[in-house]
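Undergrad: Pasted the sequence and its predicted model underneath.
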Amino acid sequence: MDFDLNGGNKRVFNRLGGGGGSTRPMAPTDTRQKVCFHWRAGRCNRSPCPYLHRELPGPGPGQGQGPGYTNKRVAEESGFAGPSHRRGPGFNGNSSSSWGRFGGNRTVTKTEKVCNFWVDGNCTYGDKCRYLHCWSKGESFALLTQLDGHEKLVSGIALPSGSDKLYTGSKDETLRVWDCASGQCTGVLKLGGEIGCVLSEGPWLLVGMPNLVKAWNIETNADQSLSGPVGQVYSLVVGTDLLFAGTQDGSILAWRYNAATNCFEPSASLTGHTLAVVTLYVGANRLYSGSMDKTIKVWSLDNLQCIQTLTDHSSVVMSLICWDQFLLSCSLDNTVKIWAAIEGGNLEVTYTHKEEHGVLALCGVHDAEAKPVLLCACNDNTLRLYDLPSFTERGKIFAKQEIRAIQIGPGGIFFTGDGTGQVKVWKWCTEPTAALP
């Protein structure tokens, strides 16, 4: 350890701003000329610390720094000041500092990113932080609560009609049961395989898993395993009196419920996709399927025959919904496409909405004025809310990781599940009237 001539700790002495007796000029790149970032945030625990625990004085003449000089590191860390070349021509480099956390009343322009320090509970900038200290942007909805427990991506959310329970499935191989009144987890089912999707239909709770579909009757507690799928089951939907499952090998399997035996019985297998079927949707007596093979297939529910293949997407088709006479699709090609039937009944793209990132999931709802709103989850860990048909943005929801599950509930409630395993509960400030058909 270095000591000065008077017996003091030379290293600590210099760090606190001493060193007047030093004969060596101190270079600007010396660590002792840098202010400790952790000290500035009020949480430095290094002793001794190689960086300064005080602010540097403004630059003086002869230091090789022009009149427009600012401490770039401090400016970037504070989030308020840009580099000197962005200043106006009247900027005086010798004026007192007006940037950083010591910067007085300067207006903060928020960036559309959640503050990681705020998430961890230790951001010291408060209202002056340029990052968001909330999970959403918009005035028409608000966060009610979050449900913690899953350890991996939430792949399915189901709220059976008339039930006081919420069911969530995850890639952590568990199905969790939540009490809607208290928000408490009342049960955890370990299924021994990643859950690809969750669907509620009448008294049945249906869960897609590798090589099977699990079916539980939540009224009688009867359960059944539906075999036949090859690989993961990514999507489940009910059309007419059939249960359809989109599978990893590209096929769509169908079961029919037999009330006499209280069992689901195999009914059909629809083939044509060359890669995994990621999403299914039923509307207007049609079954729509989206696949990793970049196509959408349209199937007649009367005879289960493919009547059209749509090839306008250039990447994986992730989600499908119907709105009035339109089909909406989204893809990892950064687009949402609107399809409408032309003369003869075939679907064609009438509008393409472009995003900066891949689009993972779509969900729709009508607001209090019966105006349709599209919930659009993107690959930048956001969920965007758009008025239709204008695609005017009306809000945004942020998450730690991508949102893959969206579910509409009664009374203006909706749910989102993200890649970290968090489920968030949201409420419209003006109550929606109904989910899109």
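TA: Arrived safely. Numbers count the residues shown, from 1 in each chain.

Undergrad: Go ahead and confirm residue 372 touches residue 362.
TA: No - with contact defined as Cβ atoms under 8 Å, residue 372 does not count as touching residue 362 (11.8 Å). For the C-beta atoms, the positions are set from N, CA and C on the backbone; glycine is no exception.

Undergrad: Same drill for these two, tell me which one is more crowded.
TA: It is residue 362, of residue 372 and residue 362, that has more neighbours when counted by other Cβ atoms under 10 Å, with 22 against 17.

Undergrad: Give me the nearest residue to that one, chain neighbours excluded.
TA: The shortest distance from residue 362 to any non-neighbouring residue, by Cβ to Cβ, 6 or more residues apart in numbering, is to residue 319 (4.4 Å).

Undergrad: That neighbour is in contact with residue 327, isn't it?
TA: No - in this structure, residue 319 is not within contact of residue 327 by Cβ under 8 Å, at 11.3 Å.

Undergrad: Quick check: next helix or strand after the helix or strand hosting the residue nearest to residue 362?
TA: For residue 319, the element it lies in under DSSP states H and E is strand 317-323. Sequence-wise, the next helix or strand downstream of strand 317-323 (DSSP H and E) is strand 326-331.

Undergrad: Quick one: list the elements packing against that following strand.
TA: Helices and strands touching strand 326-331, as assessed by 3 or more Cβ pairs under 8 Å, 6 or more residues apart in numbering; DSSP states H and E, comprise strand 317-323, strand 335-341, strand 359-366.

Undergrad: could you dump these to CSV with mean pLDDT and distance to residue 245?
TA: Formatted as CSV, those follow (pLDDT from 0 to 100; distance: least, Cβ to Cβ, whole Å):
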stretch, mean pLDDT, distance to residue 245
strand 317-323, 95, 15
strand 335-341, 95, 24
strand 359-366, 92, 18
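
Undergrad: Let me know which of the ones you listed is the nearest to residue 140.
TA: Nearest to residue 140 among those is strand 359-366; the distance by Cβ to Cβ comes to 11.2 Å.

Undergrad: could you dump the closest one to CSV, C-alpha only?
TA: Extracted in CSV, the C-alpha atoms of strand 359-366 (Å, rounded to 0.1, in the frame of the first residue of the first chain):
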residue,chain,number,x,y,z
VAL,A,359,-45.2,-9.4,-34.7
LEU,A,360,-45.9,-12.3,-32.2
ALA,A,361,-49.6,-12.2,-31.3
LEU,A,362,-52.9,-10.4,-32.1
CYS,A,363,-56.0,-10.0,-30.0
GLY,A,364,-59.0,-7.8,-30.5
VAL,A,365,-61.7,-6.0,-28.4
HIS,A,366,-64.4,-3.4,-28.8
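
Undergrad: can you pull the contacts of the closest residue to residue 353 other than its chain neighbours?
TA: Residue nearest to residue 353 in three dimensions, not counting chain neighbours: residue 336, with 4.3 Å by Cβ to Cβ, 6+ apart. The contact partners of residue 336, by Cβ atoms under 8 Å, 6 or more residues apart in numbering, come to 328-330, 352-353, 355, 359, 362, 374, 376.

Undergrad: In this structure residue 180 contacts residue 162, no?
TA: No - Residue 180 is beyond contact range of residue 162, at 11.3 Å (criterion: Cβ under 8 Å).

Undergrad: out of these two, which sits in the more crowded spot?
TA: residue 180 (15 against 8).

Undergrad: so who does the more buried one touch?
TA: Taking Cβ under 8 Å, 6+ apart, one finds 159, 163-166 in contact with residue 180.

Undergrad: so can I have TSV of the contacts of residue 336 showing distance to residue 174?
TA: Listed next are the contacts of residue 336 as TSV, based on distance: Cβ to Cβ, whole Å:
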residue	distance to residue 174
328	31
329	31
330	28
352	38
353	35
355	32
359	27
362	26
374	30
376	28
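
Undergrad: Just the buried subset of these, please.
TA: Buried subset of the contacts of residue 336 (neighbour count, 16 or more other Cβ atoms under 10 Å): 328-330, 353, 355, 359, 362, 374, 376.

Undergrad: and which of these is nearest to residue 401?
TA: Within the buried ones among the contacts of residue 336, proximity to residue 401 (Cβ to Cβ) peaks at residue 359, which comes in at 15.7 Å.

Undergrad: can you pull the contacts of the residue lying closest to residue 328 once chain neighbours are set aside?
TA: In space, and not counting its chain neighbours, residue 328 is closest to residue 321: 5.1 Å by Cβ to Cβ, 6+ apart. Taking Cβ under 8 Å, 6+ apart, we find residue 321 in contact with 281, 327-328, 362-364, 436.

Undergrad: now with 6 Å?
TA: Taking Cβ atoms under 6 Å, 6 or more residues apart in numbering, we find residue 321 in contact with 281, 328, 362, 364.

Undergrad: Relative to residue 319, how far out is the last one?
TA: If I follow you right, that is residue 364. Per Cβ to Cβ, to the nearest Å, residue 364 is found 11 Å from residue 319.

Undergrad: now the second one
TA: Per Cβ to Cβ, residue 328 is found 8 Å from residue 319.

Undergrad: Touching both of the two, which residues are there?
TA: Common neighbours of residue 328 and residue 319 (Cβ under 6 Å, 6+ apart) are residue 362.

Undergrad: how about low-confidence regions in this structure?
TA: 1-33, 37, 39-42, 55-111, 117-120, 133-136, 368, 430-437 (pLDDT under 70).

Undergrad: which one of the contacts of residue 336 sits closest to residue 215?
TA: Nearest to residue 215 among those is residue 362, at 25.8 Å by Cβ to Cβ.

Undergrad: still on that earlier bit, could you dump the helices and strands packed on strand 326-331 to TSV with distance to residue 52?
TA: Converted to TSV, these look like this (distance: least, Cβ to Cβ, whole Å):
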stretch	distance to residue 52
strand 317-323	50
strand 335-341	51
strand 359-366	46
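
Undergrad: all helices of the stretch 101-250 of the chain, in order?
TA: 116-119 (DSSP state H, counting those that start in this stretch).

Undergrad: Do a quick rundown of the strands in it.
TA: In the stretch 101-250 of the chain, strands defined by DSSP state E, counting those that start in this stretch lie at 136-137, 141-147, 154-158, 165-170, 174-179, 185-190, 197-201, 204-209, 212-217, 223-227, 233-239, 242-247, listed in chain order.
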